[in-house]
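Undergrad: compute the structure for the input listed below.
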Amino acid sequence: MRTVAAALFCFLLCCRSGPDARPPEPPPAAAVPASPANPPATQVTGAQPTVPNAAGQPTASPAPAAPERPSAAAAPQAPAPGIDLSALDRGVNPCEDFYKFACGSWLARTPIPEDRPRWGRAFSEVLERNEARLRDILEQNSRGEPDPANPFAQKVGDFYATCMDEQKAETASFATLQKELQAIDQINDSRALARRVGDLHRAGARAFFGFGSRQDAKDATQVIGGVDQGGLGLPDRDYYFRTDKKSQELRALYVDHVGRMLSMAGDAEAPEHAQRIFQLETALAKASIDRVARRDPNKMYHRLDRSGLLTTAPHFEWNDYFATVGAPDVQAINVTVPDFFRAVDGLLARGNLDDVRVYLKWRAIEGAADSLGARFVDDRFRYNRALTGEKVLLPRWKRCVQMTDRALGEALGRTFVTTTVGAEGKAMAKEMIVNIEKAFEANLATVEWMDQAAKKASLYKLHKIDNKVAYPEKWRDYTKLAIGRESLLENVLNAARFETARDLAKIGKPVDRGEWRMTPPTVNAYYSASLNEMVFPAGIMQLPFFSPEAPVPSNYGGLGMVMGHELTHGFDDQGRKFDGDGNLREWWSSRVAKAYEERASCVAKQYDGYIAVDDVHLNGRLTLGENIGDIGGLKMMIAALRAKREDQAPTNAGGFNDEQQAFIAFAQVWCTNYRPEAARTQALTNPHSTAQWRVNGPVSDNPDFANAFKCAAGSSMAPVNRCTVW
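TA: Numbering: from 1, shown residues only. Here you go, the predicted structure:
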């Protein structure tokens, strides 16, 4: 069970821009460990979040600045504004390997902390500083000190204080879990099963499938229900079937982990039950579609509605389920993968409630693990370590900071933003977005493969993009969320139920275009195709991405590139299928669409050739949207910078001119050391390329880069044949 429900189709509708230090989660959450990635476009019960949402209803305006308070946990120092000359390896020719040139010395001198799967100069270090700030806020809230910025400071403080009490995790949280398991034992018929699945989904457990609200992809003004495949424990459906040695070892480790967790929860037949759980999950995986197919929004749209769902899976008591989960009257439903639900129906038709009860217990235990005692947490880490390579578990305070952000993110964020982004920074960021959009508009006029009708429609979409910067205009209301100081797991379950109720209440109502799908402290950003919006939280608006004190070229190379990346997502291989109003439809002629696909195929083939680690290549089709975003974003960033700096005196930093500084600043955002396990997992499951290729891929496709560094035609970063979509 998780604090909040996860995203349905987030990989289809949005992109986000930040790494995730945690191991990837299985579908339907569509995990994304390393940057720009995908935040929730909608909420889904029964799945774990990749970018957790907060809960509640928008009410108040952004809080005024809080008074300065002494820090209980000193944050690591931010880097100096501008590019980091000490990070460069000047012995490397930038025209042969720009990533090594920009990052080589930093990579050589920077170890990966033992509790992290990777470490990056930008995302990781900003996250570290943000967590220290959040810890300071949380410790003061937990002591009951005044916090005028946050009317929910007591709830925030109570949640964090309970999380930090390890003894209560051993006792009170374990007692809460036992109540959940006892309820599963009471399942004695199909109606009781459906009601129990509904209860588990309300609390965030990932059992069988996910359900939540979503915009209707073909009528973006409507909020409907959506059910999606899910219920797996391994990172991806393909992990159940790969035959290589590492995959076989991971499967064996997973089954052993399931058995250990069941045993610790009191199951006397844990080893046998673990095998049966794995067999059931393998059947679910076989019926699931893969990540590449899931990127295509047309393959994920099947508006069957409630009547069609009941026909597709008649052996599941949907009426009892919807009544229990909190959407008794839902009728409009998208069924993303009908064949998956037919397969689930086939499993339930066998009538083997013993296997189903064992499986549901595992789902409850798995979701509760982070909130339980040391034995559960340690064994969960033992399994995750095979995916990430982390050597030691994160300190408890960091895990509790993350859990509190997941549970009450917009409450915690109210205080956070008072100490980070000011009015000047917000205004500068908004100006940068406008300049990036102007660069895209100017470039659009030069695109030869588009006809005038497609250009006109694209211009309409560009002008309709809604931009959100730093924090919401209205904050969520947590008044009805019950948080105590006894059981951490009970708090987690309450937060998940609260979020589920908030999410499902949106069905049948107008789309809330003021809602944020990231908490303000998140080191990230995203574009949503269904909302046609870009969102840039305060968490990422910091050095080395951005600062009002930083030179203009480094601001553009950092945050400006993130903006260009997110903007281009509106026109990547999947985002381009949504019109300016957020509707999934073909709004280009077949000739223009074909010309686009030819250019996109060039990008896919290019990235297929890149090696992530050992013999594991990137998947050019899985990463296609992100790579198009990187290539286009870099182009828009440098064009916007050029327009911004026109008629201004050039600057010089370490012998580098404005454009060279911007390219270096962009590359240094991605300076990242990986553990082999983390790089492998990312390449196999992540829609984003590993850091080296986030840099070298886009610059090799960018003639402005070759001109800036005077690269000879045919050099690695200036190939004769480039891939360009935008």
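Undergrad: for the record, mean pLDDT for stretch 86-94?
TA: For stretch 86-94, the mean per-residue pLDDT is 98.
Undergrad: with stretch 397-415 instead?
TA: Here the average pLDDT along stretch 397-415 is 97.
Undergrad: check the offset of that stretch from the chain's centre.
TA: Here the centre of stretch 397-415 is set off from its chain's centre by 16 Å, with C-alpha atoms, centre = their mean, to the nearest Å.
Undergrad: extract the C-alpha trace of it and format it as PDB.
TA: Below are the C-alpha coordinates for stretch 397-415, written out as PDB (Å, rounded to 0.1, in the frame of the first residue of the first chain):
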ATOM      1  CA  TRP A 397      15.300  10.500   7.900                       C
ATOM      2  CA  LYS A 398      15.700  10.600   4.100                       C
ATOM      3  CA  ARG A 399      13.200   7.800   3.700                       C
ATOM      4  CA  CYS A 400      10.800   9.700   6.000                       C
ATOM      5  CA  VAL A 401      11.300  12.900   4.200                       C
ATOM      6  CA  GLN A 402      10.300  11.100   0.900                       C
ATOM      7  CA  MET A 403       7.300   9.400   2.500                       C
ATOM      8  CA  THR A 404       6.000  12.700   4.000                       C
ATOM      9  CA  ASP A 405       6.400  14.400   0.600                       C
ATOM     10  CA  ARG A 406       4.400  11.600  -1.000                       C
ATOM     11  CA  ALA A 407       1.700  11.800   1.700                       C
ATOM     12  CA  LEU A 408       1.400  15.600   2.200                       C
ATOM     13  CA  GLY A 409       3.500  17.100  -0.600                       C
ATOM     14  CA  GLU A 410       1.600  20.300  -1.100                       C
ATOM     15  CA  ALA A 411       1.400  21.000   2.600                       C
ATOM     16  CA  LEU A 412       5.100  20.500   3.000                       C
ATOM     17  CA  GLY A 413       5.700  22.400  -0.200                       C
ATOM     18  CA  ARG A 414       4.100  25.500   1.100                       C
ATOM     19  CA  THR A 415       6.900  26.100   3.600                       C
END
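Undergrad: where does this protein have low pLDDT?
TA: Along the chain, segments meeting pLDDT under 70 span 1-75.
Undergrad: for stretch 101-116, buried residues please.
TA: Under the neighbour-count criterion of 16 or more other C-beta atoms under 10 Å, stretch 101-116 has Phe101, Ala102, Cys103, Gly104, Ser105, Trp106, Leu107, Thr110, Ile112, Pro113, Asp115, Arg116 buried. To be clear about C-beta, it is placed using only N, CA and C from the backbone, and glycine gets the same treatment.
Undergrad: need the max-distance pair from these.
TA: Phe101 and Asp115 (29.8 Å; C-beta to C-beta).
Undergrad: and of the buried residues of stretch 101-116, the nearest to Arg645?
TA: Ala102 (20.5 Å).
Undergrad: can I take it that the closest one is in a strand?
TA: No. Counting by DSSP: H, G, I helix; E, B strand; the rest coil, Ala102 is not part of a strand but helix.
Undergrad: now it: closest residue in space that isn't a chain neighbour?
TA: Ala667 (3.5 Å; C-beta to C-beta, 6 or more residues apart in numbering).
Undergrad: returning to that earlier point: would you turn the buried residues of stretch 101-116 into a markdown table with distance to Gln77?
TA: A markdown table is the format used below for these (distance: C-beta to C-beta, whole Å):
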| residue | distance to Gln77 |
| --- | --- |
| Phe101 | 25 |
| Ala102 | 21 |
| Cys103 | 20 |
| Gly104 | 23 |
| Ser105 | 19 |
| Trp106 | 16 |
| Leu107 | 20 |
| Thr110 | 15 |
| Ile112 | 19 |
| Pro113 | 16 |
| Asp115 | 20 |
| Arg116 | 19 |
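Undergrad: tell me the one of those nearest Gln167?
TA: Asp115 (22.5 Å).
Undergrad: helix, strand, or coil at the closest one?
TA: Classification of Asp115 using three-state DSSP returns coil.
Undergrad: hang on, isn't it packed against Trp397?
TA: No. Using C-beta atoms under 8 Å, Asp115 is not in contact with Trp397, being 11.8 Å away.
Undergrad: okay, and the residue nearest to Ala102 sits in which element?
TA: helix 658-669 (DSSP states H and E).
Undergrad: what do you get for Asn494?
TA: Taking DSSP H and E as the criterion, Asn494 maps to helix 488-504.
Undergrad: just Leu348 next, same as before
TA: If you go by DSSP H and E, Leu348 is part of helix 338-349.
Undergrad: tell me the helix or strand right after that helix.
TA: Next helix or strand after helix 338-349 toward the C-terminus (DSSP H and E): helix 353-368.
Undergrad: tell me what angle that next one forms with helix 338-349.
TA: Going by axes from the mean of the first three to the mean of the last three C-alpha atoms, to 10 degrees, helix 353-368 is angled at 120 degrees with respect to helix 338-349.
Undergrad: re the thing from before, show me what counts as buried in the helix holding Leu348.
TA: Within helix 338-349, the residues that count as buried by 16+ other C-beta under 10 Å are Pro338, Phe340, Phe341, Ala343, Val344, Leu347, Leu348.
Undergrad: the last one: what's it in contact with?
TA: Think Leu348. Going by C-beta atoms under 8 Å, 6 or more residues apart in numbering, Leu348 touches Ser190, Leu193, Ala313, His315, Phe316, Val356.
Undergrad: enumerate every residue touching the nearest residue to the third one once chain neighbours are set aside.
TA: It refers to Ala313. If the residues on either side of it in the chain are set aside, Ala313 comes closest to Asp345, at 3.8 Å by C-beta to C-beta, 6+ apart. By C-beta under 8 Å, 6+ apart, the contact list for Asp345 reads Thr312, Ala313, Pro314, His315, Phe316.
Undergrad: so how far is the helix holding Asn494 from its chain's centroid?
TA: 20 Å.
Undergrad: helices and strands around it, which ones?
TA: With contacts taken as 3 or more C-beta pairs under 8 Å, 6 or more residues apart in numbering; DSSP states H and E, helix 488-504 sits against strand 43-44, helix 153-164, helix 166-170, helix 172-185, helix 190-202, strand 209-216, helix 396-418.
Undergrad: if we go to 6 Å?
TA: Here helix 488-504 touches helix 153-164, helix 172-185, strand 209-216, going by 3 or more C-beta pairs under 6 Å, 6 or more residues apart in numbering; DSSP states H and E.
Undergrad: deepest-packed of these, please.
TA: Comparing those by mean neighbour count (mean count of other C-beta atoms under 10 Å), strand 209-216 ranks first with a mean of 28.
Undergrad: looking at this, Gln222 is in a helix?
TA: No. Under three-state DSSP, Gln222 sits outside any helix and is assigned strand.
Undergrad: quick check: it vs Gly508, distance?
TA: Gln222 is 8 Å from Gly508, where distance means C-beta to C-beta, to the nearest Å.
Undergrad: now do the shared contacts for the two.
TA: Residues touching both Gln222 and Gly508 (C-beta atoms under 6 Å, 6 or more residues apart in numbering): none.
Undergrad: before we move on, the earlier item: in JSON lines: the helices and strands packed on helix 488-504, plus distance to Ser689.
TA: Below are the helices and strands packed on helix 488-504 laid out as JSON lines (distance: least, C-beta to C-beta, whole Å):
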{"stretch": "helix 153-164", "distance to Ser689": "35"}
{"stretch": "helix 172-185", "distance to Ser689": "39"}
{"stretch": "strand 209-216", "distance to Ser689": "27"}
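Undergrad: the ones you listed: which one's closest to Leu543?
TA: Taking C-beta to C-beta, helix 153-164 is the member of these nearest to Leu543, at 26.5 Å.
Undergrad: just give me the neighbour total for Asn141.
TA: For Asn141, the count of nearby residues is 27 (other C-beta atoms under 10 Å).
Undergrad: what's the closest non-adjacent residue to it?
TA: With C-beta to C-beta, 6+ apart, the residue lying closest to Asn141 is Gly157, at 3.2 Å.
Undergrad: so the one you found is in contact with Glu139, correct?
TA: No. Gly157 lies out of contact with Glu139 (C-beta atoms under 6 Å); the separation is 8.4 Å.
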